[in-house]
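Participant: Fold the following, please.
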Amino acid sequence: METSSKLKSPSVEEVGLAIQYIRKHFQLRKTKNTKIGSAYDIKGRAEKETGAYIPEGAFIQAAKKLGYKVFPPRGKWTGYYFNFSVIKTR
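Facilitator: From the prediction side, this is the model:
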């Protein structure tokens, strides 16, 4: 059984998929957005769309690379959240 200190980092390809998904679906906002879900929720939607496994850590790394803020678990929020808003499509 692996411990959290031994978990492997996401691959470059996994982070790349997360970057593509974030660029396609989200834009910057000033504050944390808990309404769109946590990194874990977003990864699940991305996996359904892409058909590929993308670890939660890939979204955290991708968000940081793209200049978004990452809000760690705190209080009643158990997941990592971002300052994303959904890009509205018509």
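
Participant: and the gap between the closest residue to Lys30 other than its chain neighbours and Tyr53?
Facilitator: Counting by CB to CB, 6 or more residues apart in numbering, Lys30 lies nearest to Asn83, which is 6.6 Å off, once chain neighbours are set aside. All C-beta spots, glycine's among them, are computed from the backbone N, C-alpha and C. For Asn83, the distance to Tyr53 (CB to CB, to the nearest Å) stands at 26 Å.

Participant: who has more neighbours, those two?
Facilitator: With neighbours defined as other CB atoms under 10 Å, Asn83 and Tyr53 compare such that Asn83 has more, 18 against 12.

Participant: Counting by contacts, list what the host helix or strand of Ile60 packs against.
Facilitator: Secondary structure assignment for Ile60, by DSSP states H and E: helix 56-65. Using 3 or more CB pairs under 8 Å, 6 or more residues apart in numbering; DSSP states H and E as the contact test, the elements touching helix 56-65 are helix 12-25, helix 39-50, strand 70-71.

Participant: now the ones you listed in CSV, with mean pLDDT?
Facilitator: Putting those into CSV (pLDDT from 0 to 100) gives the following:
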stretch, mean pLDDT
helix 12-25, 96
helix 39-50, 95
strand 70-71, 94
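
Participant: can you redo those as TSV with mean neighbour count?
Facilitator: Output for these, formatted as TSV (neighbours: other CB atoms under 10 Å):
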stretch	mean neighbour count
helix 12-25	17
helix 39-50	16
strand 70-71	17
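
Participant: Of all those, which one comes closest to Thr31?
Facilitator: Of all those, strand 70-71 sits nearest to Thr31, with 9.5 Å by CB to CB.

Participant: and the following helix or strand past that closest one, how far out from the chain's middle?
Facilitator: Later in the chain than strand 70-71, the nearest helix or strand by DSSP H and E is strand 81-86. With CA atoms, centre = their mean, to the nearest Å as the basis, strand 81-86 stands 9 Å off its chain's centre.

Participant: Name every strand pairing with strand 81-86 and say which way it goes.
Facilitator: strand 26-33 (antiparallel), strand 70-71 (antiparallel) (DSSP bridges).

Participant: Now do it against helix 56-65, angle only.
Facilitator: Comparing the axes of strand 81-86 and helix 56-65 via axes from the mean of the first three to the mean of the last three CA atoms, to 10 degrees yields an angle of 80 degrees.
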